[in-house]
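**Student:** just need the structure, nothing else, for what follows:
(2 chains)
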Protein chains: 2
Amino acid sequence: MESGRGDENYMNAAIIGIGLIGGSMALALKEKNIAATIYGVDANEAHQQQALKLGLVDEIKTLEEAIALSDLIVIAVPVNIAEKLLAEILPKIKKQVIIDVGSTKNAICLIADKSKNGKRFVATHPMWGTEFSGPQAAVGGAFTDKAVVICNKQNSDDEAVALVENIYKALGMHIVYMDANAHDVHAAYISHISHISSFALANTVLEKEKEEKNIFELASGGFESTVRLAKSNIDMWVPIFMQNKENVLDVLNEHIAQLKKFKSCLEKENVEYLGQLIENANKIKRILK
Amino acid sequence: MESGRGDENYMNAAIIGIGLIGGSMALALKEKNIAATIYGVDANEAHQQQALKLGLVDEIKTLEEAIALSDLIVIAVPVNIAEKLLAEILPKIKKQVIIDVGSTKNAICLIADKSKNGKRFVATHPMWGTEFSGPQAAVGGAFTDKAVVICNKQNSDDEAVALVENIYKALGMHIVYMDANAHDVHAAYISHISHISSFALANTVLEKEKEEKNIFELASGGFESTVRLAKSNIDMWVPIFMQNKENVLDVLNEHIAQLKKFKSCLEKENVEYLGQLIENANKIKRILK
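**Tutor:** Numbering: from 1, shown residues only, chains lettered A, B, ... in the order given. Now for the predicted structure:
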């Protein structure tokens, strides 16, 4: 399949939910000549039209039509809807392969495990996103050189996993295999908390704006960097936080505890400990170059 | 002076502290033909050599020499050292103009107010920076299209303020005038809290790494965005937080309170309020495009 058009694996794909991730996936499948025809399914009529106009998908279809016409079905809707959709689609498929691209993996894997044809589902999470949403947010080349997690591969048909591995490799991604529970812990620490932090920072400054109208006047790169995720889509993030509640609470408690250490340093003018906290944080240079 | 070389205002400048900001300022003063010769002063011998090698400054001088040779003196050292240095330099100048570029303004303005020649000092804060430090971190064109705050201009000689205004305009910056106290409140909300948040987020995940070695494996753009400031320099940031302690504590308390709202939503599965918090945070789109 990596060789693209002309290859026997050249396939038709259905993208269910043509937004930031689904739309970018559609573009990537075309760019890499993985998909011949891409069928788009979306509940939002305006998004259907935008997706066609932007050339993200070839045709808009109903869910039933798209399932029947496709070899690969990509579920790219908010994680609470993805769960329901997977339970609805699985009984209807024959030899198609279904993937999801959601930010939580435990709940959807449980659905697959107890569904007919559950082995045709491969749970995946491409580690890419932006704070924007909708078809207009889709960008080409989004997944190149990024990581993608495949969860609980032992619960999927080997041939379905192989197909999905080949697709992600063709997109230029490196694959990380992980248990769904472990994935959700990791996601809480390296993604979900960053979003909560940004939402809360935005609310902190917006609250101050009520008494200090020009509070944003001096905002520059540092502010933008830590707050830009606060633009993220409500319909996507509420279900993620709810599905990953326990892990997000663990990391949120730890994060509040870490913030309180800074608070205590300031209150007690403990310059030495403040320095130690920053020195420790600087170790992140090992990870972020 | 905006017209550069040949203009009667073409000047010599001393940069005290040739790091991220001082070095970038040196480059900008050259790029815009504002300074004829730039004298560098730095306590760190390795930084002296790097600054020369990188072409940031023309010559390395002692503080005394640089003061005597320069028309403009730029203090670009950590804010606690800047305070002391200003008190040391002011009595030694004749008609030179001194500016600082630090992230807190109240403490240094108080020093100027009670010093001989204090009116030759103009308190400024160019709203640009990165998480890197040292001469190698200096970049050209850094200040173009950014804001710069001038504080308590009524306490400086009109002619000194006019000179500094012309320099910043020539660098392509737009000037915001502010009382030093107001500046420090603003800086706490749109810069200092972002740094504390990043430091604490880094420590949160580094703490988790002790039990989960590969916790950073999936980190992508969102993580980097919210945590990159955690690489920021300890010598620069400890004094900023200490000098701006009261304001930083105010915003830190508010930020922790905002985070606790998210915590409470998750604990109580209050999906509706969680949605309201995110919806409110989304209002940041008004500020960040």
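
**Student:** low pLDDT regions in chain A?
**Tutor:** Low-confidence segments of chain A, defined by pLDDT under 70: A:1-9.

**Student:** just the element for residue A:262, please.
**Tutor:** Using DSSP states H and E, residue A:262 sits within helix A:245-267.

**Student:** buried ones in that helix?
**Tutor:** Counting neighbours by 16 or more other Cβ atoms under 10 Å in any protein chain shown, one finds that the buried residues in helix A:245-267 are A:245, A:247-252, A:254-256, A:258-259, A:261-263, A:265-266. Using the backbone N, CA and C atoms, a C-beta is placed for each residue, glycine as well.

**Student:** got it, and stretch A:279-286?
**Tutor:** For stretch A:279-286, burial by neighbour count (16+ other Cβ under 10 Å) applies to A:280-282, A:284.

**Student:** also within reach of chain B: list those from the residues you listed.
**Tutor:** Restricting the buried residues of stretch A:279-286 to those touching chain B (Cβ under 8 Å from any Cβ of the partner chain) yields A:280-282, A:284.

**Student:** looking at those residues, which are in strands?
**Tutor:** With DSSP state E as the criterion, strands contain none of these.

**Student:** hmm, back to that, now the angle from the helix holding residue A:262 to helix B:245-267?
**Tutor:** 160 degrees (axes from the mean of the first three to the mean of the last three Cα atoms, to 10 degrees).

**Student:** can helix A:245-267 be found next to chain B?
**Tutor:** Yes - with Cβ under 8 Å from any Cβ as the measure, helix A:245-267 is seen reaching chain B through A:245, A:248-249, A:251-256, A:258-263, A:265-267.

**Student:** packing partners for that helix?
**Tutor:** Other elements packing on helix A:245-267 under the criterion 3 or more Cβ pairs under 8 Å, 6 or more residues apart in numbering or on different chains; DSSP states H and E are helix A:180-187, helix A:193-209, helix A:271-281, helix B:193-209, helix B:234-243, helix B:245-267.

**Student:** report the distance from the second one to the chain centre.
**Tutor:** Relative to the centre of its chain, helix A:193-209 is centred 21 Å away, using Cα atoms, centre = their mean, to the nearest Å.

**Student:** what about the residue in the stretch 1-150 of chain A positioned nearest to chain B, distance to residue B:214?
**Tutor:** Minimum separation of the stretch 1-150 of chain A from chain B (Cβ to the nearest Cβ) falls at residue A:127, amounting to 4.3 Å. Residue A:127 is 13 Å from residue B:214, where distance means Cβ to Cβ, to the nearest Å.

**Student:** of those two, who's got more company?
**Tutor:** residue A:127 (24 against 11; other Cβ atoms under 10 Å in any protein chain shown).

**Student:** which residues are in contact with that one?
**Tutor:** Residue A:127 sits next to A:146-149, A:191, B:218-220 when contact means Cβ atoms under 8 Å, 6 or more residues apart in numbering or on different chains.

**Student:** please redo it, this time with the cut-off set to 6 Å
**Tutor:** A:146-147, B:218, B:220 (Cβ atoms under 6 Å, 6 or more residues apart in numbering or on different chains).

**Student:** what of residue A:38?
**Tutor:** Contacts of residue A:38 (Cβ under 6 Å, 6+ apart): A:13, A:26, A:57-58.

**Student:** and what of residue A:182?
**Tutor:** So residue A:182 contacts nothing (Cβ under 6 Å, 6+ apart).

**Student:** just checking, residue A:148 touches residue A:128?
**Tutor:** No - Residue A:148 is beyond contact range of residue A:128, at 8.6 Å (criterion: Cβ atoms under 6 Å).

**Student:** mind listing the strands for the stretch 51-200 of chain A?
**Tutor:** Per DSSP state E, counting those that start in this stretch, the stretch 51-200 of chain A carries strands over the ranges A:59-60, A:72-75, A:97-100, A:121-126, A:147-151, A:174-178.

**Student:** which stretch among those strands comes nearest residue A:19?
**Tutor:** Checking the strands of the stretch 51-200 of chain A against residue A:19 by Cβ to Cβ gives strand A:72-75 as the closest, at 11.7 Å.

**Student:** just to revisit the earlier point, and of the contacts of residue A:127, the nearest to residue B:51?
**Tutor:** residue B:220 (35.4 Å).

**Student:** could you find the closest non-adjacent residue to that closest one?
**Tutor:** residue A:127 (4.3 Å; Cβ to Cβ, 6 or more residues apart in numbering or on different chains).

**Student:** ramachandran angles for that neighbour?
**Tutor:** The phi and psi values for residue A:127, taken as degrees, to the nearest 10, are phi -90, psi 70.

**Student:** again with residue A:117
**Tutor:** phi 60, psi 20.

**Student:** thought it was touching residue A:90?
**Tutor:** Yes - Residue A:117 lies in contact with residue A:90 (Cβ under 6 Å); the separation is 4.6 Å.

**Student:** which residues of the stretch 51-200 of chain A lie near chain B?
**Tutor:** A:127, A:147, A:186, A:189-191, A:194, A:196-197, A:199-200 (Cβ under 6 Å from any Cβ of the partner chain).

**Student:** change it to 7 Å
**Tutor:** Residues of the stretch 51-200 of chain A found near chain B (Cβ under 7 Å from any Cβ of the partner chain) are A:127-129, A:146-147, A:149, A:176, A:186-187, A:189-191, A:193-200.

**Student:** domain assignment for chain A?
**Tutor:** A:11-179, A:183-286 (automatic domain parsing).

**Student:** measure the first one end to end?
**Tutor:** Across its full length, domain A:11-179 reaches 28 Å end to end, with Cα to Cα, to the nearest Å as the criterion.

**Student:** out of the contacts of residue A:127, who's nearest residue B:30?
**Tutor:** Nearest to residue B:30 among those, with distances taken as Cβ to Cβ, is residue B:220, at 37.9 Å.

**Student:** residue contacts, that closest one?
**Tutor:** A:127-128, A:146 (Cβ atoms under 7 Å, 6 or more residues apart in numbering or on different chains).

**Student:** residues near residue A:276, how many?
**Tutor:** 14.

**Student:** please apply the same query to residue A:179.
**Tutor:** 15.

**Student:** so it touches residue A:150, yeah?
**Tutor:** No - applying Cβ atoms under 7 Å as the test, residue A:179 and residue A:150 come out as separate, 10.8 Å apart.

**Student:** export the ones next to chain B among the buried residues of stretch A:279-286 to CSV and tack on distance to residue B:43?
**Tutor:** Formatted as CSV, these follow (distance: Cβ to Cβ, whole Å):
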residue, distance to residue B:43
A:280, 26
A:281, 25
A:282, 21
A:284, 27
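
**Student:** and stretch A:152-160, what's buried?
**Tutor:** A:152-153, A:155-157, A:160.

**Student:** would TSV of the residues you listed with distance to residue B:78 be doable?
**Tutor:** Below are the buried residues of stretch A:152-160 laid out as TSV (distance: Cβ to Cβ, whole Å):
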residue	distance to residue B:78
A:152	51
A:153	51
A:155	55
A:156	55
A:157	60
A:160	58
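
**Student:** done for today, thanks.
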